[in-house]
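>>> build me a structure from this.
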Amino acid sequence: MSGTSADGIDATLVQITDQGRCRFIAGITHAWQPALREQLIALGQGAEPSGLDALGLLDARIGLAFASATNTLLEQAQVSPTQVTAIGSHGQTVRHRPSAEVPFTVQLGDPSRIAEHTGITTVADFRRRDVAAGGQGAPLMPAFHLAMLGNAGHDRAVLNLGGIANLTLINRTGCTSGFDTGPANALCDAWCLRHTGKAYDANGQLAAQGQVDKALLQALLSEPWFSAPPPKSTGREQFHLAWVDHHLQGRSSTVADVQATLLELTAITVAQALLRSQPTTAEVLVCGGGTHNPVLMARLRAHLPGMSVQSIAGYGLDPDHVEAMGFAWLAWRVLNRLPGNLPAVTGAAGPRLLGAIYPA
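Numbers count the residues shown, from 1 in each chain. Okay, here's the model as predicted:
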């Protein structure tokens, strides 16, 4: 898969038991070609493709990139394609409009091309069936988190800090909910790239040099989406630099101050959502790229006193590959005629088989 940040294609090899337990074997992050990544980020922030030909070509190129990532992973792991049952391909989200007059979501990455260039049956298009059933189509990982991390005996949360932050809440009885909380790395990465030329703020160094602009933070927090109740989901098309620029008008914040403010926005919106929805949480298990940002992790701990905030790595799940593992698991679910969504999370009318199968 490639997430909202489009910072690379996560390709993960997993083994799944007949009971649905998922074991990580190997994983890589396959770099996007720079020009292709620029297109993806622009589309994710609301730019329009120049026409149907351009959109079709982009779909094909993304499919080829996903196939290349798969083949590279298998070569490195010394695993033959014949040993692989299926590929679960999330694709690249370029539009997510679950609240439109006619709701829709679009992920690109031609699955036929993936199957053709890998020789492996490919399962793709996981989100649209949930949207068709009245759901948000996101987040889809809570079902996987529940399968891997349920029955803890206490209230637990799984926090994914990708481009967008999302929470899975698993209470001590196993009842599960989940929703997006707002931007995570997407805004910080975009601001860092614009002003430093670096794709992300390594170790939160730029944010650490700045001070939170409290007035700007309050302006950003006034966005009505943050106070909307679940089920809800969002993406880069809502939280992008033009949104930040709008709130920056008339302000004299430094580059580092804005970076610190965007990081604080992530920490505080995650904390507010968690304290509002499951204040009895004992532990927060963190995955995604934000796990590697010590400044962000420290701010989360500051806003969540009394809760253990730690990487999900301590539970046998690679924090950089949890989502890719989850889409492999969703592919296994549909191949076994098992539903992949949690209606209580997405708001869909009921359990649904997620994904279409493209045979090798």
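
>>> go through stretch 226-239 and flag the buried ones.
226, 230-239 (16 or more other C-beta atoms under 10 Å). Where you see a C-beta, it was placed from the backbone N, CA and C, and this is true even at glycine.

>>> buried stuff in the worst-scoring helix or strand of the chain on mean pLDDT?
In the chain, no helix or strand scores lower on mean pLDDT, DSSP states H and E than helix 34-44, which sits at a mean of 88. For helix 34-44, burial by neighbour count (16+ other C-beta under 10 Å) applies to 36-37, 39-41, 43-44.

>>> ditto for stretch 76-90
Quick answer for stretch 76-90 (16+ other C-beta under 10 Å): 84, 86-90.

>>> same check on stretch 97-114?
Quick answer for stretch 97-114 (16+ other C-beta under 10 Å): 97-98, 103, 105-111, 113-114.

>>> which ones among those map onto helices?
Judged by DSSP state H, the buried residues of stretch 97-114 include 111, 113-114 as members of helices.

>>> which stretches in the stretch 101-250 of the chain count as strands?
Using DSSP state E, counting those that start in this stretch, the strands of the stretch 101-250 of the chain run over 104-108, 122-124, 156-161, 164-170, 176-183.

>>> now find how far off-centre the last one is within its chain.
It refers to strand 176-183. 11 Å (C-alpha atoms, centre = their mean, to the nearest Å).

>>> so what's the backbone phi/psi at the residue located most distally from the centre of the chain?
Residue farthest from the centre of the chain, counting by C-alpha atoms, centre = their mean, is residue 250 at 32.8 Å. Backbone torsions of residue 250, given as degrees, to the nearest 10, read phi 80, psi 0.

>>> and the contacts of stretch 50-64?
Contact with stretch 50-64 is made by 36, 39-40, 43, 49, 91-92, 108-114, 117, as judged by C-beta atoms under 8 Å, 6 or more residues apart in numbering.

>>> ok, now with 10 Å
Contacts to stretch 50-64, defined as C-beta atoms under 10 Å, 6 or more residues apart in numbering, come from residues 2, 9, 32-33, 35-36, 39-40, 43, 48-49, 89, 91-92, 94, 106-117, 122, 124.

>>> what mean pLDDT would you report for that stretch?
When pLDDT is averaged along stretch 50-64, the result is 95.

>>> with stretch 276-294 instead?
Averaged over stretch 276-294, pLDDT sits at 96.

>>> quick one: end-to-end length of that stretch, please.
Stretch 276-294 has an end-to-end distance of 25 Å (C-alpha to C-alpha, to the nearest Å).

>>> centre of the chain to that stretch, how far?
14 Å.

>>> what residues sit buried inside that stretch?
Quick answer for stretch 276-294 (16+ other C-beta under 10 Å): 277-278, 281, 283-293.

>>> again with stretch 217-226
Buried residues in stretch 217-226 (16+ other C-beta under 10 Å): 217, 219-220, 223, 226.

>>> identify the residues contacting it?
99, 180-183, 187, 213, 227, 232, 234, 238-239, 243-244, 246-249, 251, 260-262, 264-265, 268-269, 272-273.

>>> quick one: which of the buried residues of stretch 217-226 is nearest residue 195?
Lowest distance from residue 195 to the buried residues of stretch 217-226 (C-beta to C-beta) belongs to residue 220, with 17.5 Å.

>>> just the pLDDT at that closest one, thanks.
The model's pLDDT for residue 220 equals 98.

>>> that one and residue 343, how far apart?
31 Å (C-beta to C-beta, to the nearest Å).

>>> what do you get for residue 180?
Taking C-beta to C-beta, one finds residue 180 at 17 Å from residue 343.

>>> between the two, which has more neighbouring residues?
residue 180 (27 against 17; other C-beta atoms under 10 Å).

>>> angle of the very next helix or strand once past the least confident helix or strand of the chain against strand 104-108?
Using DSSP states H and E, the helix or strand that directly follows helix 34-44 along the chain is helix 52-77. Helix 52-77 runs at 60 degrees relative to strand 104-108, counting by axes from the mean of the first three to the mean of the last three C-alpha atoms, to 10 degrees.

>>> so what's the gap between helix 52-77 and the chain middle?
So, by C-alpha atoms, centre = their mean, the centroid of helix 52-77 is 19 Å from its chain's centroid.

>>> go on, stretch 213-220?
Going by C-alpha atoms, centre = their mean, where stretch 213-220 is centred and where its chain is centred differ by 25 Å.

>>> then stretch 318-326?
Chain-centre distance of stretch 318-326: 10 Å, with C-alpha atoms, centre = their mean.

>>> again with stretch 236-254
That offset, for stretch 236-254, works out to 22 Å (C-alpha atoms, centre = their mean).

>>> swap in stretch 64-81?
Chain-centre distance of stretch 64-81: 22 Å, with C-alpha atoms, centre = their mean.

>>> same check on stretch 135-147?
11 Å.

>>> need the mean per-residue confidence for it.
Per-residue scores along stretch 135-147 average to 95.

>>> got the CA positions of it in PDB?
Extracted in PDB, the C-alpha atoms of stretch 135-147 (Å, rounded to 0.1, in the frame of the first residue of the first chain):
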ATOM      1  CA  GLY A 135     -20.100   3.600   5.200                       C
ATOM      2  CA  GLN A 136     -17.200   5.900   5.300                       C
ATOM      3  CA  GLY A 137     -14.900   3.300   3.600                       C
ATOM      4  CA  ALA A 138     -12.400   4.100   6.400                       C
ATOM      5  CA  PRO A 139     -10.800   3.300   8.600                       C
ATOM      6  CA  LEU A 140     -10.500  -0.400   7.700                       C
ATOM      7  CA  MET A 141      -7.700  -1.400  10.000                       C
ATOM      8  CA  PRO A 142      -9.800  -1.700  13.200                       C
ATOM      9  CA  ALA A 143     -11.000  -5.200  12.200                       C
ATOM     10  CA  PHE A 144      -7.400  -6.200  11.800                       C
ATOM     11  CA  HIS A 145      -6.300  -4.600  15.000                       C
ATOM     12  CA  LEU A 146      -9.100  -6.400  16.900                       C
ATOM     13  CA  ALA A 147      -8.100  -9.700  15.400                       C
END
